[in-house]
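Novice: kindly generate the corresponding structure for this input.
(2 chains)
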Amino acid sequence: MDSRTAAPSSVDVLIEAVGRGSPVALKRLYDVESRRLYGIALRIARRPEIAADVLQEAFLQIWQNAATFSAERGAGAAWLTGVVRFRALDAVRKVGRETLSDDPALGDEALEPDVIEKLDAVAQTAALRRCLTLLEDEQRRCILLAFVDGLSHSQIAERIKAPLGSVKSWIRRGLHSLRRCLQ
Amino acid sequence: MMIPDDRDELHALAGEFVLGVLEANEASEVAAALATNAELRRAVAFWEVQLHPLSELTSPAEPPPGTWQAIEARITKPAPKPVAPSFWNNLALWRWSTAGFAAAAGLALWIALTPAPGPSFVAVLHPPQQDQVSWVATAGRYGLLVRAVAGATPPSDRAFELWAIPPGATRPRSLGVIPADGELKLAPLPPDLRDGATLAISIEPVGGSPTHQPTGPVVFVGTVQAV
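Specialist: Next up is the predicted model:
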């Protein structure tokens, strides 16, 4: 998938060791990645008890599946993020998504138009950043709300007070443009 | 919702899936289609990798105390007990291996997301009463591949032999002795390999069991899942 993985990161190496059944490597991976991954789970699930469950289930899945982790596929960190986001989205779909007011205690930060400036200017991120700036404002805002907050179409519509149909089409057209730009 | 044939539409749908904007029923439909649609798998993998930098926009947070301990408790199981000879006659014992179902389901998703050609069956083998993944078997139209992932080696002067028990059957059928490099390839796909079948590895004399039934202890076991 991703040919830019000539030098595996320490996370990739740890995942490989977890795949060989090393509980020590799993603990080390937890030490290195749990704050980042819990932040993602909490942002999407909104409730600490659900986010903690998500993190626990995600690490069990990582323990069980790391053996088949293929470094060729891309960065291990992206895999970990994918596992946690998938679990978190699944959890909120199960309990029914709630529209919660922004609560600073839950790490909410308003997604300002210049939020993408916060992205590190590393090589891979630079392309995404450049491509995001080419999107229309509404397209970019909806895509960020979806990824970062894990909001569904209808929740985004509610949050930004826009018609559902417009939100769906902004996201869809934004994804089309992003893909053309990123390829 | 239908999975679109049009390439652009398919990639947009994959993007919506990765973003998480789909409603539960739509998301399940996409997840189910991953198993059979290679283009969709590629599209989902593309978006996972490309959008990953956006996760930097989320502030890290300290997990509640005790989270690691809870994980550790679930990956650490008591040491395996010796397997009695009657093991093979007591199929109820196989049931413990369904504990690996969640693992296999998660693995199925991972394999589904890995670029084609994807296998259509997968089994994760671990020691009885332990969750440690030791062997991974993948199977599809091309045949069966069983590979050691934990560097297991048989005792000296012994060999690992692979067995399959189709759902409902009572007697294992040999799939062959696993070569010393820990990798066994079989083509075409053995007919006993299907959803719900059990795979097991026993310790046998070099060259395989002389009786065509297992004679040594069962050291790894797992359930075949369709993906």
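
Novice: neighbours around A:Q183, how many?
Specialist: The local packing of A:Q183 (other Cβ atoms under 10 Å in any protein chain shown) involves 9 other residues. Placement of C-beta: from N, CA and C, glycine included.

Novice: look up the pLDDT of it for me, please.
Specialist: pLDDT for A:Q183: 86.

Novice: domain parsing for the chain?
Specialist: Looking at chain A here, since you left the chain open. Segmentation of chain A into domains, based on automatic domain parsing, reads A:1-100, A:109-183.

Novice: you answered for a different chain; I wanted chain B.
Specialist: Here the domain parsing of chain B from automatic domain parsing is B:7-57, B:80-226.

Novice: in JSON lines: these, plus mean pLDDT, distance to chain A and mean neighbour count.
Specialist: What follows is these, written out as JSON lines (pLDDT from 0 to 100; distance: least, Cβ to the nearest Cβ, whole Å; neighbours: other Cβ atoms under 10 Å in any protein chain shown):
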{"stretch": "domain B:7-57", "mean pLDDT": "87", "distance to chain A": "4", "mean neighbour count": "20"}
{"stretch": "domain B:80-226", "mean pLDDT": "72", "distance to chain A": "4", "mean neighbour count": "18"}
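
Novice: report all helices and strands that the longest helix anywhere in chain A contacts.
Specialist: Longest helix of chain A, by residue count under DSSP state H: helix A:23-45. In terms of contacts (3 or more Cβ pairs under 8 Å, 6 or more residues apart in numbering or on different chains; DSSP states H and E), helix A:23-45 is packed against helix A:10-19, helix A:48-65, helix A:76-95, helix A:137-149, helix B:67-75.

Novice: redo those as JSON lines? Include distance to B:T223 and mean pLDDT.
Specialist: Shown next, in JSON lines, are the helices and strands packed on helix A:23-45 (distance: least, Cβ to Cβ, whole Å; pLDDT from 0 to 100):
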{"stretch": "helix A:10-19", "distance to B:T223": "20", "mean pLDDT": "81"}
{"stretch": "helix A:48-65", "distance to B:T223": "13", "mean pLDDT": "92"}
{"stretch": "helix A:76-95", "distance to B:T223": "22", "mean pLDDT": "88"}
{"stretch": "helix A:137-149", "distance to B:T223": "35", "mean pLDDT": "92"}
{"stretch": "helix B:67-75", "distance to B:T223": "19", "mean pLDDT": "92"}
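
Novice: could those helices be laid out in TSV, adding distance to B:H126?
Specialist: Compiled in TSV, the helices and strands packed on helix A:23-45 are given as follows (distance: least, Cβ to Cβ, whole Å):
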stretch	distance to B:H126
helix A:10-19	13
helix A:48-65	9
helix A:76-95	20
helix A:137-149	35
helix B:67-75	11
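
Novice: JSON lines please, covering these and showing mean neighbour count and distance to B:T198.
Specialist: Shown next, in JSON lines, are the helices and strands packed on helix A:23-45 (neighbours: other Cβ atoms under 10 Å in any protein chain shown; distance: least, Cβ to Cβ, whole Å):
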{"stretch": "helix A:10-19", "mean neighbour count": "20", "distance to B:T198": "23"}
{"stretch": "helix A:48-65", "mean neighbour count": "23", "distance to B:T198": "18"}
{"stretch": "helix A:76-95", "mean neighbour count": "22", "distance to B:T198": "27"}
{"stretch": "helix A:137-149", "mean neighbour count": "21", "distance to B:T198": "41"}
{"stretch": "helix B:67-75", "mean neighbour count": "16", "distance to B:T198": "23"}
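
Novice: hang on, the earlier thing: now the domains of chain B as CSV including distance to A:R173?
Specialist: Shown next, in CSV, are the domains of chain B (distance: least, Cβ to Cβ, whole Å):
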stretch, distance to A:R173
domain B:7-57, 9
domain B:80-226, 25
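
Novice: re earlier: quick one: the longest helix of chain A to helix B:67-75, angle?
Specialist: 120 degrees (axes from the mean of the first three to the mean of the last three Cα atoms, to 10 degrees).

Novice: follow-up on the earlier one: out of the helices and strands packed on helix A:23-45, flag the one nearest A:L37.
Specialist: With Cβ to Cβ, the closest approach to A:L37 among the helices and strands packed on helix A:23-45 belongs to helix A:76-95: 4.7 Å.

Novice: next secondary structure after the closest one?
Specialist: helix A:123-133 (DSSP states H and E).

Novice: report the buried residues of that next one.
Specialist: Neighbour counts using 16 or more other Cβ atoms under 10 Å in any protein chain shown place A:Q124, A:T125, A:L128, A:R129, A:C131, A:L132 of helix A:123-133 among the buried residues.
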